[in-house]
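# mind folding the following:
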Amino acid sequence: MNLSSPSSLNTPPSTERIHVLQVIGNAIVGGMETWVERLIARLPSERFAFTALCPFESPFTDRLRALDTEVLIAPMPDDPPWSTIQMATALVNSGGIDLLHAHLPKAHLLAGLVGSLTGKPVLATVHGRQLTTLDLEVHRAAGSHLSVVCKQSYFHALGLGVNAGYLSCETNGVDTDVFQPRPAGAAGLRASFGLMPDTPLVGYVGRLSHEKGPEVFIRAAMLLRSRLPQAHAVLVGEGPMEGELRELVQRFGLEEHVHFAGMRQDMPAVYNELDLLVSSSHSEAMPLAMMEAMASGLAVVATRVGGVPDIVEHGQSGWLVAPGDFEDIAGRSAWLIEDGTTRRRMGERARQRAVERLELDDSVARVAQLLSRLVRPRGESQRRVVPVGAATARAPVVSVVNHAEPAPVRRRTSLPRSGTQ
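Okay, the predicted model is just below:
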C-alpha cells in the first residue's frame, strides 16, 4: 500500500514552471509556518514559483519575502468576506496561478471557493492529528485533494469516507545537517539562567497552548524536583497559556527550577544544551520539534498521540507515555537523567532514526511530486467537475510507478527557527 501515490494523480508533471499560491491561515511562529517556510526554501526555483496569501503581517511574512516569495495580505475569518474572495480570484486569474495550496481549515475554505470559481486544483495539507469538520465539508464540496502528515491521520480520513484517490500522506522531515549533536556552547541556554554547564536540564519545545500540554510538563517538573533537586526544566516557546503557566510555577514554588526561555532563534544550539526532550502534547500529528531533538541526538519522553509512535521507538530512542500522565513523564525523565549510559544510547538511536527515516529532502521531494501530479498539462481544461459522491466514495489504495524524474530539492540558507512547533 502506497499512502502518497494515489492512482488518480498518476500524470506526468509538466516541464513548465508551476506557480503555486500558498493560502496560509495563520502567520505566527509555529509548526505549520515552519513547514511552509522550509518547503518554499527547498523546492527548486526552476520548477516552482510561489505567491503567498496570509491573514496579517508578521516576522513569518518577512521571512517568506526573504525567500523571494511575493506575499499578499487578506483577512481570513471563519466566513471569508467577498473582498477576500474577489482578491484571491483575481490573483489566480491574473497571476498565472496553477494550483492553490491551503494550510489550516479557514485557508482551505477560501482556497476551495476560489478553486471552484477559477477551475484550479486545490491541495490542502492537514497539519493536525485529525480532519476538522470544515476540512471535510470543503473537501466534499470542492473536490480538494487532502494531504496528511502521518499514517494515523490518513486512516482517520479514510474512516470518514474520504476517497483514497483524493488523499495522500506526505510525512514531515527534519534537516539532519542543521540539527545534529554538537558540544554545548559556553554562553548558551544554561548560562542565560545562571546554571552550571553540568546542571541536568529537561526541555519542552513548542507553543504554549492547550493542545501541547505545557501544564503537564510543569506538573512533571514538580515531581522531578522532588526526586532530583539538582534538575532544572525549561520551556522554549510562547503562546496564550504563558501567564497561566507562570502562575502554576509560582504556586508550586518552582521559580528557581522551571525557566521560560521564550522564542529562540538558535534552536540547533538550544537542543545541544538539553539532556532530554519531553513532548507532553494532548494532540499531535508529526511534531517538528521532536524530530529536531532526535536529529540533535536527544532521547525523548513523549505522549503516545497521533503520529508520535511512528517517530519514537519505545525503549529504543525514547519512552512513550499516556497523555496527561505527568507522573510517568517525571519518573522516566529522572531515570534517564540518572542513567547517562542509557540516555546516550537512546540519543544515538534517535539520531540514527532521524537520518534514516525523517530526512527533510525526502519529505520535500514527496510534496514536489504531489504538486506536479495535481497540475494538469497546459492546454487542458482546468475546471474540475466533481460528481455527487465522488469525493466520498471509497476506492482502493494502489501503488503507483511514477516514471517522472523525482523533483530535486535545493538547499538555501538553513531555517532553524521552530521554537513553537
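# and P55, what does it touch?
Contact analysis of P55 by C-beta atoms under 8 Å, 6 or more residues apart in numbering lists 24-27, 73-76. C-betas here are computed from N, CA, C, even on glycine.
# got the phi and psi for it?
Per-residue torsions, P55: phi -80, psi -20 (degrees, to the nearest 10).
# against G237, how distant is it?
21 Å (C-beta to C-beta, to the nearest Å).
# run through the helices of the stretch 251-400 of the chain in chain order.
Along the stretch 251-400 of the chain, the stretches classed as helices by DSSP state H, counting those that start in this stretch are 267-273, 288-295, 308-311, 326-338, 340-357, 360-374.
# deepest-packed of the ones you listed, please.
With neighbours defined as mean count of other C-beta atoms under 10 Å, the helices of the stretch 251-400 of the chain peak in mean count at helix 288-295, which reaches a mean of 29.
# which strands or helices does that one pack on?
In this structure, helix 288-295 makes packing contacts with helix 31-42, strand 201-205, helix 267-273, strand 276-279, strand 300-303, helix 308-311, helix 340-357, judged by 3 or more C-beta pairs under 8 Å, 6 or more residues apart in numbering; DSSP states H and E.
# these: which one's closest to S144?
helix 31-42 (17.0 Å; C-beta to C-beta).
# now for that closest one, which elements pack on it?
strand 18-24, helix 59-66, strand 99-103, helix 288-295, helix 360-374.
# number of residues surrounding G95?
When neighbours are defined as other C-beta atoms under 10 Å, G95 has 14 of them.
# contacts for the helix or strand in which R190 is found, please.
Using DSSP states H and E, R190 maps to helix 189-192. For helix 189-192, contacts defined as C-beta under 8 Å, 6+ apart pick out 184, 196-197, 199, 201, 234, 261, 264, 269-270, 273-274.
# how about the residues you listed in TSV, adding pLDDT?
Listed next are the contacts of helix 189-192 as TSV, based on pLDDT from 0 to 100:
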residue	pLDDT
A184	88
M196	93
P197	92
T199	95
L201	97
V234	98
A261	97
R264	93
A269	96
V270	97
E273	96
L274	97
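# can you pick out the most distant pair from the residues you listed?
Using C-beta to C-beta, the two most remote members of those are M196 and R264, lying 20.2 Å apart.
# so for those two, which sits in the more crowded spot?
Legend: neighbour count by other C-beta under 10 Å for M196 and R264, higher for R264 (18 against 8).
# surely that one touches E273?
No - using C-beta atoms under 8 Å, R264 is not in contact with E273; the gap is 10.5 Å.
# mind putting the contacts of helix 189-192 into CSV with distance to A164?
Conversion of the contacts of helix 189-192 to CSV gives the following (distance: C-beta to C-beta, whole Å):
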residue, distance to A164
A184, 47
M196, 55
P197, 53
T199, 51
L201, 45
V234, 43
A261, 43
R264, 41
A269, 43
V270, 40
E273, 44
L274, 40
